[in-house]
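Visitor: The following block contains a protein sequence and its predicted model.
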Amino acid sequence: MIRSKKLVGLRDLKHGFFNSSGGQSKKIYKSLNCGPGSSDKKTDIKKNLQIVRKKISNKAKNIFLVKQFHSNKFIYIDQKYKNKNKPKADAIITNQRYLPIAVLTADCAPILIYDNKIKMIAAIHAGWKGAYKGIINNVIKFMIKKGCNLENITAVVGPSISLKNYEVKEDFKKKFIKKDKKNLIFFKNKKNKLYFNLTGFIYKSLKAIKVKHVDVLNIDTFDIKNKFFSARRALKLKHNDYGRNISIIMLN
């Protein structure tokens, strides 16, 4: 489990970015695969989620997950929330204690957010689509609407694919440039190949909203040495599926 220096040690908060180590799954899912959307054994995924829950806190309720679909949609969980079905969204916001909220990634960026005065947290799944569609902006704006203040918000961008391993096509670049010509700085040409800086784009998005405290962990999920699941690496190795990393946050 990897933690942010900006969040670690806070008494009223637990968080962690988990890689593939320390679980029950076998073969290509070895071993802490937390993705119900994968073809891994459901019993092993459930065991892995319980391992994560216990590492976060013995008081933690079951981990709240959503059906992620690369959108700019979020869900807010307060005392009145009663939806028993897993909702479709790519971010979760809550002010409830002992409710661990989490997102699953395998190259996309997980973002954990905390307001230390209002005591509100969020977990965001930000692939290029969600980031491009403004999911970060949507989440922060809602938190402010609920009483949070930009001065008190800390955002941590967790492990995701690095610039040097995120190869994209020219039409991908054109899409971003059409939205804002300044986005050109997030693209790099090397040996006739084009690469995109996802974490750089996310950092810029957070700073554009004027989030004061931002921590970017800069851990590459594609690099096998870091022991994270990676969709792109699985494709390169010709695997027919891949595991999911979990990033989690909870109010004590």
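Guide: Cool, got the structure.
Visitor: strands paired with the helix or strand that contains residue 124, and their directions?
Guide: If you go by DSSP states H and E, residue 124 is part of strand 120-126. Note on strand 120-126: by DSSP bridges, its sheet partners are strand 91-94 (antiparallel), strand 109-115 (antiparallel).
Visitor: who wins for proximity to residue 30 among those?
Guide: Smallest distance to residue 30 across the strands paired with strand 120-126 (CB to CB): 20.6 Å, for strand 109-115. (Each C-beta comes from the backbone N, C-alpha and C, glycine too.)
Visitor: Can I get stretch 33-49 in CSV? Just the C-alpha atoms.
Guide: The C-alpha trace of stretch 33-49 is given here as CSV (Å, rounded to 0.1, in the frame of the first residue of the first chain):
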residue,chain,number,x,y,z
ASN,A,33,-7.1,-8.0,-8.2
CYS,A,34,-10.0,-6.0,-7.0
GLY,A,35,-11.9,-5.6,-10.2
PRO,A,36,-15.4,-7.3,-10.4
GLY,A,37,-15.4,-6.3,-14.1
SER,A,38,-12.5,-8.7,-14.8
SER,A,39,-12.9,-12.4,-15.6
ASP,A,40,-11.1,-13.4,-12.5
LYS,A,41,-12.9,-15.7,-9.9
LYS,A,42,-15.5,-13.7,-8.1
THR,A,43,-14.7,-15.5,-4.8
ASP,A,44,-11.1,-14.3,-5.1
ILE,A,45,-12.1,-10.7,-5.9
LYS,A,46,-14.3,-10.7,-2.8
LYS,A,47,-11.5,-12.0,-0.7
ASN,A,48,-9.2,-9.3,-2.1
LEU,A,49,-11.6,-6.6,-1.3
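Visitor: any idea of the mean pLDDT in that stretch?
Guide: In this model, stretch 33-49 has an average pLDDT of 98.
Visitor: State the three-state secondary structure for the residue nearest to residue 56 when sequence neighbours are not counted.
Guide: In space, and not counting its chain neighbours, residue 56 is closest to residue 14: 4.9 Å by CB to CB, 6 or more residues apart in numbering. Following DSSP: H, G, I helix; E, B strand; the rest coil, the label given to residue 14 is strand.
Visitor: Tell me which stretches of the stretch 1-150 of the chain form helices.
Guide: All helices of the stretch 1-150 of the chain, identified by DSSP state H, counting those that start in this stretch, fall at 42-56, 128-133, 135-145.
Visitor: Distance to residue 206 and mean neighbour count for the ones you listed - can I get that in CSV?
Guide: Compiled in CSV, the helices of the stretch 1-150 of the chain are given as follows (distance: least, CB to CB, whole Å; neighbours: other CB atoms under 10 Å):
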stretch, distance to residue 206, mean neighbour count
helix 42-56, 24, 17
helix 128-133, 10, 20
helix 135-145, 6, 19
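Visitor: Could you check how many residues crowd around residue 14?
Guide: Residues near residue 14, counting by other CB atoms under 10 Å, number 22.
Visitor: just residue 8 next, same as before
Guide: Residue 8: 12 surrounding residues under other CB under 10 Å.
Visitor: Roughly how far does it sit from residue 201?
Guide: 26 Å (CB to CB, to the nearest Å).
Visitor: My understanding was that residue 44 contacts residue 24; is that so?
Guide: Yes. Applying CB atoms under 8 Å, one finds residue 44 in contact with residue 24, separated by 4.6 Å.
Visitor: How about residues contacting the helix or strand harbouring residue 199?
Guide: Assessed by DSSP H and E, residue 199 sits inside helix 198-208. For helix 198-208, the external contacting residues (CB atoms under 8 Å, 6 or more residues apart in numbering) are 108-109, 111, 126-128, 131, 134, 136-137, 140, 155, 157, 160-163, 166, 176, 183, 185-186, 214, 216, 218.
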